[in-house]
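1. Sequence and predicted structure, then a few things I'm wondering about:
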Amino acid sequence: MTSVTSPFIGERPSQPSPPCPFCKTTPDTYNIRMAKKTTPNALERKIDNLTQIVKRGFSNLDTRIEKGFGAIADDIDDLDHKIMSLRATTETGFLSLRDELHEINECLNALDENYKNLKGVTKEIDDIRSRVKDIERHLGINKKIAA
C-alpha cells in the first residue's frame, strides 16, 4: 500500500487517501461521521438558556435604573425645597432692606427741606444720598419698585 505524499504540510493530496482496512472508509468520511451532531432539541435548549440569562440581566438592569432615577428624583425634590426656602429668606431680607432704605430716604428728604439754607448739612445729606443709591444699585433695588 502506497500513499501519496505532498511536499507541503496541510495540502490535500492530488488523489484520495486509501480507505481504512477495518471500516472501509477514507479519513475524510471518518471525520465527518465522527463529528458531534447537534440535535434541534439541544440547540433549542441552548437558545432558551441564553434567552433566560439575557432576560435576567435586563431585569437587573431595569431595577438598577429605576432605583437610580428614584434617588435622583428625591435629590432634585430636596434641592427644590432648599431653593424655595432660600428664595423666601432672601425675599424677606430684601423687603426689610427696602423698608429701611425707604425710611432713610424719607428722613433725608425731611432734613433737606428743613435745612436747605445750610450748605454743610446739604452737602452731607447729598453724600449720604449717594451712598444709599450705591447700596441700592449694589443690591439691585430700584426705588420705583413697590414693596
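-> Structure received. Numbering: from 1, shown residues only.
2. State the distance from L50 to R64.
-> 21 Å (C-beta to C-beta, to the nearest Å). C-beta: built from backbone N, CA, C; applies to glycine.
3. again with R87
-> 35 Å.
4. Next: E100.
-> Counting by C-beta to C-beta, the gap from E100 to R64 is 54 Å.
5. What does the pLDDT read for D99?
-> On pLDDT, D99 comes in at 88.
6. And for the one 3 residues further on?
-> Each residue has a pLDDT score; the one for H102 is 88.
7. Point out where this structure drops to low pLDDT.
-> 1-38, 117, 119-120, 142-147 (pLDDT under 70).
8. ok, which stretches of the protein are helices?
-> Ranges of helices in the chain, per DSSP state H, are 27-34, 40-114, 119-139.
9. Tell me which other helices or strands the last one touches.
-> What that stands for is helix 119-139. helix 40-114 (3 or more C-beta pairs under 8 Å, 6 or more residues apart in numbering; DSSP states H and E).
10. how deep is L101 tucked in, by neighbour count?
-> 18 (other C-beta atoms under 10 Å).
11. Surely it and H138 touch.
-> No - using C-beta atoms under 8 Å, L101 makes no contact with H138, being 11.4 Å away.
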